[in-house]
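**Q** how does the following fold in three dimensions:
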Amino acid sequence: MDRRIDLDRAVPDRPAIFINRDGHGAWVNSRALEVAGIKRGTPDPAHGRIERDASGEPTGTLHEGAMEVVKRLVPPPTEEDRVRGLELAQAYLHRLGVSAWQDAWVTRVDLEAYRRLAESGRLTARVIACLWWDRERGGEQIDELVDQRAIGSIGRLRATTVKIMQDGVAENHTAAMLEPYLGHDGRPTDNRGLSFVEPEALKRHVARLDGLGFQVHFHALGDRAVREVLDAVEAAQITNGPSDGRHHLAHLQVVDPTDVARFRPLGAVANIQPLWACHDPQMVHLTLPFLPPERARLQYPFGSLHRAGALLAGGSDWTVSTPNVLAEVDVAATRESVEDVRAKPFLPGEALAPIDAFAAFTIGSAYVNHLDDVSGSIEVGKLADLVVLDRDIFDRGAGRIRDGRVLLTLLEGEPVHEDAALEVGRE
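**A** Numbering: from 1, shown residues only. Below is the predicted model:
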């Protein structure tokens, strides 16, 4: 556990905060706790947890909503910073062959930065902006989301999706689980994680959003969160009838087998992040010891979902992990770590065939983005959103899929990335 006193040695005189790479927690020093008013008697917020030592003193680790108390004190980036950041991100994604994406966390100020790029013609990618659902509020924010959608459709930008974070992550025991986490002694605790939106309220909100024509993008990592979200999608169908919302559940780390079979009949899309489905240090040290063995065997069930007829869409959750599609496909097909070649495959029965993994990242993602009529596959009449690789990645003799390189990325036939090796080949 990260301790404030360790950070105090490096930064003793001013507030300091280091946010975890997954965005679900933070490490802060004593001065940050002081200015945020977090002390021994401070209660945990409704959607977070303050780690404490045996005496009840905050240690400096803040989970989920608890870190927001400190984060809101940090000066925000300017709009110019945001615009420049988006341009850098866009260039990076184009280098990896990405021509379209869903940005899963778009606040009002983020939307303004996207609008500036789109209005100036500098947004070369197709972007679905997921408007952020404030879990501290309720249905009263929906009218505001409708207004944001109206102003967020410019050029290749569409603000047609709402992102609802239903739970946290397994590593800090905030993912919502049907069975309790284990403690360090291997015995069940009384902690089953957090449901950020009360399940009955979630049904009402999703039904209303669906009725207004919004797509809903859910963060649903634990098996209880997955069930709550599927129940909400089902409630929306009962209320509104069939829709073309293409609602999707992201991450799906633990999925109960009874819920695997619900995706296809509900039209719910499985939004998968394959890079995490391996024996990496996070899995080995922070997850497996704290999940009951029978639940640990249900992690990242991509193969089961595919066999049950669920439509898969590939995503990265970048900047949490790499947006390198070839690395993602490699892990989906092998369940092997791209970093530790000695690690054994993780639940290899849940691997996907390479062609099915690629389909998730092409036509599957296009489907979720309502772009499958113009992109996602090479067909007569579709736009020339194309990628040229340096090898036939389906040729086993060409090496690992993850070792491939993007030479050319085209958007409507126009290059948005050209590798230097391609230029040499033209000479």
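**Q** going by C-alpha atoms from here, please, whenever you check contacts or count neighbours.
**A** OK.
**Q** and S316, how far is that from P323?
**A** 5 Å (CA to CA, to the nearest Å).
**Q** same question for stretch 176-183, mean pLDDT?
**A** Average pLDDT, stretch 176-183: 98.
**Q** can you check stretch 46-62 too?
**A** Mean predicted lDDT for stretch 46-62 stands at 85.
**Q** now do the same end-to-end measure for it.
**A** Stretch 46-62: ends 13 Å apart by CA to CA.
**Q** chain center to it: distance?
**A** Put simply, stretch 46-62 sits 26 Å off its chain's centre (CA atoms, centre = their mean, to the nearest Å).
**Q** strands of this protein, start to end?
**A** Assigned by DSSP state E, the strands in the chain fall at 17-19, 25-28, 48-52, 58-64, 100-106, 126-132, 157-165, 215-220, 248-251, 269-272, 312-314, 386-389, 406-411, 414-418.
**Q** need these in JSON lines with mean neighbour count and distance to E200, can you?
**A** Shown next, in JSON lines, are the strands of the chain (neighbours: other CA atoms under 10 Å; distance: least, CA to CA, whole Å):
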{"stretch": "strand 17-19", "mean neighbour count": "17", "distance to E200": "31"}
{"stretch": "strand 25-28", "mean neighbour count": "24", "distance to E200": "27"}
{"stretch": "strand 48-52", "mean neighbour count": "20", "distance to E200": "20"}
{"stretch": "strand 58-64", "mean neighbour count": "25", "distance to E200": "22"}
{"stretch": "strand 100-106", "mean neighbour count": "20", "distance to E200": "23"}
{"stretch": "strand 126-132", "mean neighbour count": "23", "distance to E200": "20"}
{"stretch": "strand 157-165", "mean neighbour count": "24", "distance to E200": "14"}
{"stretch": "strand 215-220", "mean neighbour count": "25", "distance to E200": "16"}
{"stretch": "strand 248-251", "mean neighbour count": "25", "distance to E200": "18"}
{"stretch": "strand 269-272", "mean neighbour count": "26", "distance to E200": "21"}
{"stretch": "strand 312-314", "mean neighbour count": "26", "distance to E200": "27"}
{"stretch": "strand 386-389", "mean neighbour count": "17", "distance to E200": "43"}
{"stretch": "strand 406-411", "mean neighbour count": "22", "distance to E200": "43"}
{"stretch": "strand 414-418", "mean neighbour count": "16", "distance to E200": "45"}
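**Q** tell me which of these approaches P188 most closely.
**A** strand 48-52 (18.9 Å; CA to CA).
**Q** packing partners of that closest one?
**A** Under the contact criterion of 3 or more CA pairs under 8 Å, 6 or more residues apart in numbering; DSSP states H and E, strand 48-52 touches strand 58-64, helix 65-71.
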